[in-house]
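Trainee: coords please:
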Amino acid sequence: MGDLIEKLLRKLENGTAAELVSVVEASGSTPRGAGAMLAVFADGTATGTVGGGNVEFEATNLAKELAARGENALRHFRFVQGDVASLGMVCGGDVTLHFQYLSPADETVLTLLRDLLEACRQNTDRWLVRRLEGETVTFMALAGRAGFHDERPFPEDLLQNKAVWRDGWFALPVVKAGRVYLFGGGHVSQALVRALVPLGFRPVVYDDRPEFTDPALFPGAEETFCGPFEELENHVTVTADDYVVIMTRGHQADYEVLTKTLRSGARYIGCIGSRKKLSICRDRLLEAGFTAEEYSRVHAPIGLAIGAETPAEIAVSVAAEMIAVRAGLQVSGGALVRNPWA
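Mentor: Predicted structure coming up:
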């Protein structure tokens, strides 16, 4: 999302008008859910996606026409094969797209996009909240956990971890606070950083060996730290918005990291290792006063059970598990408790 916002801002600053296409509602099986966005520019280029295929083809063409006229629109598409109003796709769902014209002369929009980029840099939760009256956006602002940045009241429950469209309001979480702290900088961590960055996660790597905290090994990571694991709190502060991935070189370091993070309230804690190693670590934690309930929050063994063996495959399995947690799905024993696509 940050990449789309930055490209959109740069185009507008350079004098190119745009049409911002947003999935405001999706039901059934659709290529992308509510909140997906596509920016189509008056010069014919585009960035982002609303799902690809026919829906994106139709949306892009319509967006070009609307951008040329400086207009907004609200359109409904069906994914039912053979239906006269459908796009000829077999997904079996429905999607509603909103098209918002953005003028390069609109300083309010430019300021809002600059604020969004700053929120990305500051690791601050931000929602883009719009009021739709028919096809027209009559109000647009950024919201944080404390509400709008002005006096305008709004329903508090609009600000959720997913896009919400209700009673003419559309709230989209654009910047989600939280970093991924990877403890251990070995081959799997290096592969995981490469997998996480394109997914919108923000990796920070910590190891007690200087050669495994070289920033060159972790392109895209926000930071790397070198220090003893038993002193990690001197370098990083894990919050409830964060993810913890433990991939150290031994069970002693695993134990040290878990003692520092298990009660942090982190959104996700995962630990790599054999069942025997993890069992030893668990027993030590229980002896140290941690409860079985506290340890049950740890995803161990880490990652979804996809038969991963190589560092790259393990990285995929861990990234997939983290995506599921971020989406609010329940994961247990390396498997989704409920398959959302069934």
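Trainee: can you give me the helices for the chain?
Mentor: Assigned by DSSP state H, the chain shows helices spanning 2-13, 53-69, 107-122, 187-196, 251-261, 275-287, 292-295, 311-326.
Trainee: Next, count neighbours for Val245.
Mentor: Residues lying near Val245 (other CB atoms under 10 Å) number 30. Bear in mind the C-beta positions are built from the backbone N, C-alpha and C, glycine included.
Trainee: Out of the helices of the chain, which one sits most buried?
Mentor: helix 187-196 (a mean of 22; mean count of other CB atoms under 10 Å).
Trainee: ok, back up a step: could the helices of the chain go into CSV alongside mean pLDDT and distance to Pro215?
Mentor: Putting these into CSV (pLDDT from 0 to 100; distance: least, CB to CB, whole Å) gives the following:
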stretch, mean pLDDT, distance to Pro215
helix 2-13, 92, 20
helix 53-69, 91, 36
helix 107-122, 89, 18
helix 187-196, 96, 11
helix 251-261, 94, 21
helix 275-287, 90, 29
helix 292-295, 94, 33
helix 311-326, 95, 18
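Trainee: Next, format the ones you listed as TSV and append distance to Pro173.
Mentor: Shown next, in TSV, are the helices of the chain (distance: least, CB to CB, whole Å):
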stretch	distance to Pro173
helix 2-13	12
helix 53-69	22
helix 107-122	11
helix 187-196	18
helix 251-261	25
helix 275-287	33
helix 292-295	28
helix 311-326	11
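Trainee: out of those helices, nearest to Phe170?
Mentor: Among the helices of the chain, the nearest to Phe170 by CB to CB is helix 107-122 (14.5 Å).
Trainee: what packs against the closest one?
Mentor: Judged by 3 or more CB pairs under 8 Å, 6 or more residues apart in numbering; DSSP states H and E, the packing partners of helix 107-122 are helix 2-13, strand 126-133, strand 136-144, strand 169-175.
Trainee: how about a cut-off of 10 Å?
Mentor: Packing partners of helix 107-122 (3 or more CB pairs under 10 Å, 6 or more residues apart in numbering; DSSP states H and E): helix 2-13, strand 93-102, strand 126-133, strand 136-144, strand 169-175.
Trainee: How about the contacts made by the closest residue to Ala163 other than its chain neighbours?
Mentor: Computed as CB to CB, 6 or more residues apart in numbering, the closest residue to Ala163 that is not its neighbour in sequence is Gly35, at 3.3 Å. Residues near Gly35 by CB atoms under 10 Å, 6 or more residues apart in numbering: 1, 22-24, 26, 128, 162-165, 170-174.
Trainee: Alright, that wraps it up for me.
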